[in-house]
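Based on what follows, work out the 3D shape:
(2 chains)
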Amino acid sequence: DGGITQSPKYLFRKEGQNVTLSCEQNLNHDAMYWYRQDPGQGLRLIYYSQIVNDFQKGDIAEGYSVSREKKESFPLTVTSAQKNPTAFYLCASSTNGGVNEKLFFGSGTQLSVL
Amino acid sequence: RKEVEQDPGPFNVPEGATVAFNCTYSNSASQSFFWYRQDCRKEPKLLMSVYSSGNEDGRFTAQLNRASQYISLLIRDSKLSDSATYLCVAYSGGGADGLTFGKGTHLIIQP
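Numbering: from 1, shown residues only, chains lettered A, B, ... in the order given. Have a look, this model is predicted:
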């Protein structure tokens, strides 16, 4: 089955530690995205990539980093510079077709601070 | 600033009733709109896309009013399984930067 897979489902970070969230898709989508969701809040864009080896900052990129070495993969690293990392992180992909920006989401990673 | 506003609810509705909620958007350049359904601590799933005046899919109807800059979602004959948070999204072009998410409306269908 085609889809988008995030791992792990739950992740705990110690103070000063970098952690990496995995996102893999086999939908052959060009574009991939990382969003952060806090309770009672809308999704906020962290980073996005429209093509391999290229990515752009979203609204809240500070304290995060990404790479896009393969079309299928778009890992997100939450660095120690992100002082409030506790949130639900959602990875998404789309065909990057312009107006028709339907997103397909992974099942999410809940990150908490120990 | 691009904004999408939704009444957070919760809307408590008896099973079988019809419920409607609105979403207002501030960016008049918004081209298309989406309603996503999100269950607690799960991923959003696309419910409906709206590119012109509206769309209908079974019990769900979305209506777009460009003059007043709002889009509504109507659910008829509501089921217990319709209980979820409904996210309104406006797209104004230009890739991922053009997507703006509302905070969602929480719907509870009561038996």
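
Please count neighbours and contacts with C-alpha atoms only from this point.
Will do.

And residue B:26, how far from residue A:114?
Residue B:26 sits 39 Å away from residue A:114, going by Cα to Cα, to the nearest Å.

and these two? which has more neighbours close in?
residue B:26 (15 against 9; other Cα atoms under 10 Å in any protein chain shown).

Nearest residue to the more buried one in space, please, no chain neighbours.
residue B:3 (5.4 Å; Cα to Cα, 6 or more residues apart in numbering or on different chains).

count of residues packed around that neighbour?
Residue B:3: 14 neighbours (other Cα under 10 Å).

Most proximal residue of chain A with respect to chain B?
residue A:42 (3.9 Å; Cα to the nearest Cα).

three-state assignment of the closest residue to that residue other than its chain neighbours?
In space, and not counting its chain neighbours, residue A:42 is closest to residue B:103: 3.9 Å by Cα to Cα, 6+ apart. For residue B:103, the secondary structure call by DSSP: H, G, I helix; E, B strand; the rest coil comes out as coil.

for residue B:97, same thing?
Per three-state DSSP, residue B:97 ends up helix.

Quick one: residues contacting the spatially most central residue of chain A.
Nearest to the geometric centre of chain A sits residue A:34, at 2.8 Å (Cα atoms, centre = their mean). Each residue near residue A:34 by Cα atoms under 8 Å, 6 or more residues apart in numbering or on different chains is listed here: A:45-48, A:76, A:89-92.

For the residues you listed, pick the one with the most neighbours.
Most neighbours among those, by other Cα under 10 Å: residue A:91, with 32 neighbours.

For that one, name its beta-bridge partners.
residue A:34 (DSSP bridges).

And the pLDDT at the residue nearest to residue B:26?
In this model, residue B:3 is scored at 90, pLDDT.

That one is in contact with residue B:100, isn't it?
Yes: with contacts counted by Cα atoms under 8 Å, residue B:3 reaches residue B:100, the gap being 6.8 Å.

how about low-confidence regions in the chain?
Since no chain was named, I'll use chain A. Along chain A, segments meeting pLDDT under 70 span A:1, A:96-101.

To clarify, I was referring to chain B.
Ranges of chain B meeting pLDDT under 70: B:1-2.

Can you tell me which residues in it are near chain A?
B:31-32, B:34, B:41-46, B:91, B:93-97, B:101-104 (Cα under 8 Å from any Cα of the partner chain).

Can you flag the buried ones in these?
Among these, the ones that count as buried by 16 or more other Cα atoms under 10 Å in any protein chain shown are B:31-32, B:34, B:43-46, B:91, B:93, B:95-97, B:101-104.

Now for those residues: which two are most distant?
Greatest spacing in these, by Cα to Cα: B:31 and B:43 (24.1 Å).

Strands of chain B, start to end?
B:4-6, B:11-14, B:19-25, B:32-38, B:45-50, B:54-57, B:60-65, B:70-75, B:84-91, B:99-101, B:105-110 (DSSP state E).
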